[in-house]
Every structure is written in C-alpha cells, then in structure tokens.
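just a sequence and a predicted model for now, questions to come.
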Amino acid sequence: MFRRVCRSLSSQGRQLAIPSSSLVCKVRGTAHRAVISKIGRKDYIRRFPITIMRPDGSTIQIRAAEPREFVQLPVDLKALTEEERRHRLAARKLKVKQIKEDIIDDNFDMDRYAQLWKSKDELKAQSKLRSSNEDAKTSKNKMAEKNSMKKTAGEAVDEGAENKTVEKQVRVEKSRVGAKKNS
C-alpha cells in the first residue's frame with residue numbers, strides 16, 4: 001500500500017524518499033497459509049468417531065481417519081448353521097424385476113381446443129354439424145329400440161328399409177345445415 005502511494009506521487013513529479021526495508025512490513029506466516037498450500041503432515045491428526053458392528057451384533061466405538069457413520073463387519077459363512085447360510089446366500093442372489101407396463105389411455109379430443117385456432121364462424125358451423133350428427137345418432141338409437149321391441153313382440157321387420165330411412169334423415173339434416181351455412 002505504502003509503495004503504491006509512493007509510486008503515484010513520484011509519477012506526478014514529486015521526489016519522495018523510499019523508506020528503508022526495516023519500516024516496510026514483511027510477509028509473515030499466518031493461518032491463511034493453510035488455505036493456499038496443503039498440510040505438511042504425514043498423518044492427519046483429527047480422527048472421526050465411527051460405530052462398528054461385529055458379526056454377533058455387538059457394537060463398539062472407534063476413531064478412524066475416514067469420516068463414516070457406521071461399519072458392519074462381514075459374517076463368516078462357515079460359522080453359520082446350514083439354514084442361516086442358505087438364507088444369506090438366497091438374499092445375495094439377483095432378484096428378477098418384473099417390468100410393469102403402463103397403459104397409456106389416449107383419449108385426447110382435439111375439438112376441445114379448436115377455439116384456439118379456428119374463427120368464430122367456423123366454430124358455430126362445426127357446433128351445428130355436431131348437434132345434427134347427435135340428433136341423427138339419437139334417431140338411429142330410437143329406431144333400433146323400436147326394432148328390438150317389434151322383434152320381441154314377434155313382428156318381422158325389414159332392418160334394411162329402416163336403416164335407409166335413417167340415412168335419408170341424416171342426409172336431409174346435413175343438407176339443411178349446409179344450406180344455412182352457405183346463406
């Protein structure tokens with residue numbers, strides 16, 4: 001800091017005497033040295049408390065160089081009974097994973113979002129068409145109910161003729177909607 005001030009004043013044309021080295025602060029080793037360089041010890045002094053579990057289930061506390069919470073010592077399989085050995089070996093085997101397939105129900109209705117890209121006139125015409133189709137479907141359902149009633153009563157009904165009349169009704173309704181749309 002002091003040298004910076006001296007340089008700035010000397011560049012302005014003033015002559016300053018630079019003090020002797022005894023007045024200048026020397027670099028001292030502080031705690032910040034540990035941040036910059038590595039620790040020069042062979043073994044790190046601090047030890048971490050760890051719980052160790054023995055094969056019989058008892059636990060002991062020790063201090064270790066690595067920070068771990070819990071260590072379980074391995075079990076000697078030769079010291080176990082035959083039943084315990086089979087149980088442990090079965091637990092080690094790979095278990096077959098059952099793949100569960102998700103059934104994706106695709107019931108997306110694009111007409112539900114049609115108002116976002118269609119004009120109001122197109123939407124009105126489409127709703128009229130939809131209502132006429134629904135009317136035709138209901139009339140078909142009514143005719144089918146009548147046919148089933150007649151069949152149960154023992155009457156022979158010509159299904160083809162009735163289907164033709166229903167189709168004619170649908171065509172007439174569509175032509176009416178088309179005529180209204182054009183006018």
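Looks like it came in fine. Numbering: from 1, shown residues only.

Ile52: what secondary structure?
Recorded secondary structure, Ile52: strand (DSSP: H, G, I helix; E, B strand; the rest coil).

against Ile45, how distant is it?
With distances defined as C-beta to C-beta, to the nearest Å, the gap from Ile52 to Ile45 amounts to 21 Å. For the C-beta atoms, the positions are set from N, CA and C on the backbone; glycine is no exception.

compare these two and say which is more crowded by neighbours.
Taking other C-beta atoms under 10 Å, Ile52 and Ile45 do not tie; Ile52 has more neighbours (15 against 7).

what's across from the more buried one in the sheet?
For Ile52, the beta-bridge assignment (DSSP bridges) gives partners Ile60, Val71.

contacting residues around it?
Contacts of Ile52 were listed using C-beta atoms under 8 Å, 6 or more residues apart in numbering, and they are 59-62, 70-73.

go again with 7 Å.
Contacts for Ile52 (C-beta atoms under 7 Å, 6 or more residues apart in numbering) come out as 59-60, 62, 71, 73.

just curious, which of these is nearest to Arg92?
Using C-beta to C-beta, Leu73 is the member of those that sits closest to Arg92, with 16.9 Å.

please, which helix or strand holds Ala91?
Assigning secondary structure by DSSP states H and E places Ala91 in helix 82-92.
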